[in-house]
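**Q** Prediction below, plus the sequence it came from.
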Amino acid sequence: SIQKVMSHKERAVKCCHPLVRSLYSIMNDKETNLCMSVDFTSSEDLLQLVDKVGPHVCLVKTHIDMLEDFTTDVTQQLQRLAHKHNFLIFEDRKFGDIGKTVHTQYQGGMYKISSWAHITNAHPVPGPGIVSALAEVGKPLGRGCLMVAEMSSSGNLATGEYTKAAVKMAETNKDFVIGFISQSRLSADPDLVHMTPGIKIQMGGDSLGQQYVTPKMAITERGADVIIVGRGITGVSDPVGAAKEYKQAGYSAYLNTLNH
Ligand code: 5IU
């Protein structure tokens, strides 16, 4: 079912969290609801592609621990590119431990995620303590967190009551939790952003459990605000051309939801 959503322009003004307002303002200005997931092992490959695709995305999603040659220069360069092309950075860390542990992981270690990633995410499995702990680090820096409320992989356990508990954690912590990673529209609250991975123009999956839907399905049928695309862009011979294609497909589907 197609749900009437508030426009990016409205949400850029009305949403309660400054980071969400920035995100929607970028989406409105650049006319894109595309997040590129760059799951590379080489820093140079990552930075080169981000520089090329940056103009077409509102968000770049990283798995910083995949890099074989990580140095703090990579995150500095990423921040420079985010500024140059006007996008936000989302480290897909999926924190999932007790409060004390995730506090240290988010703030420190080799990656110092809170110092450069505007957005990160967390599994609700440890309970609400994970949100308070991450918020202690991220809130003073103006960061935001997404709850992993549903997953795209086949047979995943993030369903039913578990998903509902994730929604409650978000709705009661809106000063730090800015939305969800989900496969459907879970909350009617316009302050909460729904981001959907498992997207490809060509439906299907991979050999390791990933399941894909099209950008149009994710947005018009499942209520995604942001589509997350990895190999649909990074795994083809013309990533910039593909990014433009996903941007176009995602944005026209969004415009379509406004007309209903
Ligand atoms: N990702 C998923 N599904 C999920 C969650 C995260 O695919 O439910 I939570 C991540 C994994 C990968 C990216 O980094 O999103 C999708 O990449 P592909 O578009 O290449 O499948």
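**A** Okay, I see it. Every value quoted in this text rests on a predicted model; they were computed, and no experiment measured them.
**Q** Show me which residues of the stretch 1-150 of the chain sit near the ligand.
**A** Contact residues (C-beta under 6 Å from any ligand atom) of the stretch 1-150 of the chain with the ligand: 37, 39, 63, 92, 148. C-betas here are computed from N, CA, C, even on glycine.
**Q** Can you select the buried ones from these in PyMOL?
**A** Those of these that count as buried under 16 or more other C-beta atoms under 10 Å are selected in PyMOL with:
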select buried, resi 37+63+92+148
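**Q** Inside strands: which ones of the residues of the stretch 1-150 of the chain next to the ligand?
**A** Under the assignment DSSP state E, those contribute 37, 92, 148 to strands.
**Q** what sits against the closest residue in space to residue 91 that isn't next to it in sequence?
**A** Spatial nearest neighbour of residue 91, excluding adjacent residues (C-beta to C-beta, 6 or more residues apart in numbering): residue 117 at 3.7 Å. Going by C-beta atoms under 8 Å, 6 or more residues apart in numbering, residue 117 touches 62, 89-91, 93, 143.
**Q** what does residue 176 give?
**A** Applying C-beta under 8 Å, 6+ apart, the residues near residue 176 are 131, 134-135, 138-139, 143-145.
**Q** now residue 123
**A** 94-96, 130, 147-148.
**Q** Quick check: residues of the stretch 151-260 of the chain near the ligand?
**A** Counting by C-beta under 6 Å from any ligand atom, the stretch 151-260 of the chain sits next to the ligand at 151-153, 181, 197-198, 210, 228-232.
**Q** pLDDT score for the residue nearest to residue 91?
**A** With respect to pLDDT, residue 117 has a value of 99.
**Q** Find the nearest non-adjacent residue to the residue of the chain found nearest the ligand, please.
**A** For the chain and the ligand, the shortest gap (C-beta to the nearest ligand atom) falls at residue 230, measuring 2.5 Å. Sequence neighbours aside, residue 37 is the residue nearest to residue 230 in space, at 3.7 Å (criterion: C-beta to C-beta, 6+ apart).
**Q** can you pull out the helices in the stretch 151-260 of the chain?
**A** Assigned by DSSP state H, counting those that start in this stretch, the stretch 151-260 of the chain shows helices spanning 160-171, 215-216, 231-234, 239-258.
**Q** possible to save those as JSON lines with mean pLDDT and mean neighbour count?
**A** Listed next are the helices of the stretch 151-260 of the chain as JSON lines, based on pLDDT from 0 to 100; neighbours: other C-beta atoms under 10 Å:
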{"stretch": "helix 160-171", "mean pLDDT": "98", "mean neighbour count": "17"}
{"stretch": "helix 215-216", "mean pLDDT": "98", "mean neighbour count": "22"}
{"stretch": "helix 231-234", "mean pLDDT": "98", "mean neighbour count": "21"}
{"stretch": "helix 239-258", "mean pLDDT": "97", "mean neighbour count": "19"}
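**Q** All good on my end, thank you.
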